[in-house]
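[1] okay, sequence plus prediction incoming.
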Amino acid sequence: EAQVTQNPRYLITVTGKKLTVTCSQNMNHEYMSWYRQDPGLGLRQIYYSMNVEVTDKGDVPEGYKVSRKEKRNFPLILESPSPNQTSLYFCASSSQPPGAGTSQETQYFGPGTRLLVL
Amino acid sequence: GNSVTQMEGPVTLSEEAFLTINCTYTATGYPSLFWYVQYPGEGLQLLLKATKADDKGSNKGFEATYRKETTSFHLEKGSVQVSDSAVYFCALSVYSGYSTLTFGKGTMLLVSP
């Protein structure tokens, strides 16, 4: 089954304690991205990756890091989490990047990770 | 820059009512337009899309037409069901230096029996 998986699904942590949220896709997609969803703000892109070892900032990258060592995995790293990073996080992937104007640009989303930073 | 504006919710309807959720956009270039749906506790799923002007996307009884002249992509359904209760997001993509989906803030739809 084609899917995007994220772990953990729920996480409660404290300020400053490093954490990693994993994202994995089994569709051989080149493009992957991370979003955060906050009430009244919709989804905002944090980082994206066009391919292995190619990553770039989205709209709200501050306080986050990513890596893309393998095509299927795109972990999101919070080196020193703060309460304003409490949010619902989604990973997504697609064969081609948004803006390609083809059916392959459709993004597939993971189930989400709900993070609470105390 | 690119932006998407959609009507604020919640939209509350009775079963079998007609649904319209308005979406307008601003974008440089020629965007692709999408509607995503998020059911409670789940991730986003693509509902429909359109990649060029006058295209109509449709799925599960929902429709939306890409109107370049009014920069709109309104979502419609002729007869909603309780199971349609969800949050609906309008989004656009256009390559303008970097690739991203730009989302609206979402519209919650509540359908009562």
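    Received it, and whenever you're ready, just let me know what you need. Residues are numbered from 1 along each chain as shown, chains lettered A, B, ... in the order given.

[2] CA only for contacts and neighbour counts going forward, please
    Noted.

[3] quickly list what the residue lying closest to A:Lys57 once chain neighbours are set aside is bridged to.
    Of all residues not flanking A:Lys57 in the chain, A:Tyr47 sits nearest, at 4.6 Å (Cα to Cα, 6 or more residues apart in numbering or on different chains). In this entry, A:Tyr47 is beta-bridged to A:Trp34, A:Lys57, by DSSP bridges.

[4] contacts only, for A:Tyr47.
    Contact partners of A:Tyr47, counting by Cα atoms under 8 Å, 6 or more residues apart in numbering or on different chains, are A:33-35, A:55-61, A:65-66.

[5] low-confidence ranges, chain A, go.
    Applying pLDDT under 70 to chain A flags residues A:101, A:103-104.

[6] need the residues of chain B near chain A, please.
    B:31-32, B:42-46, B:51, B:89, B:93-95, B:99-106 (Cα under 8 Å from any Cα of the partner chain).

[7] what's the burial count for the residue nearest to B:Pro10 when sequence neighbours are not counted?
    Spatial nearest neighbour of B:Pro10, excluding adjacent residues (Cα to Cα, 6+ apart): B:Met108 at 4.7 Å. By other Cα atoms under 10 Å in any protein chain shown, the residues close to B:Met108 number 21.

[8] next, count neighbours for A:Gly112.
    Neighbours of A:Gly112 under the rule other Cα under 10 Å: 26.

[9] what is the burial count for the closest residue in space to it that isn't next to it in sequence?
    Distance criterion Cα to Cα, 6+ apart; nearest residue to A:Gly112, sequence neighbours excluded, is A:Phe90 at 4.6 Å. A:Phe90 has 27 neighbouring residues, counting by other Cα under 10 Å.

[10] give me the three-state assignment for A:Phe90.
    strand (DSSP: H, G, I helix; E, B strand; the rest coil).

[11] who's it bridged to?
    Beta-bridge pairing for A:Phe90 (DSSP bridges): A:Tyr35.

[12] that one touches B:Gln45, doesn't it?
    No - look at A:Phe90 against B:Gln45 with Cα atoms under 8 Å: they stay out of range, at 11.8 Å.

[13] so what's the residue positioned nearest the centre of chain A up against?
    In chain A, the centroid-proximal residue (Cα atoms, centre = their mean) is A:Trp34; its distance is 2.4 Å. For A:Trp34, the contacting residues are A:45-48, A:76, A:89-92, by Cα under 8 Å, 6+ apart.

[14] which pair in these spans the largest distance?
    Using Cα to Cα, the two most remote members of the contacts of A:Trp34 are A:Tyr48 and A:Tyr89, lying 13.4 Å apart.

[15] coming back round to it: mutual contacts of A:Phe90 and B:Gln45, please.
    Both A:Phe90 and B:Gln45 are contacted by A:Phe109, under the criterion Cα under 8 Å, 6+ apart.

[16] can you pull the buried residues of the helix or strand bottoming out on mean pLDDT in chain B?
    Every helix and strand of chain B was ranked by mean pLDDT, DSSP states H and E. The lowest is strand B:101-103, at a mean of 88. Across strand B:101-103, burial judged by 16 or more other Cα atoms under 10 Å in any protein chain shown covers B:101-103.
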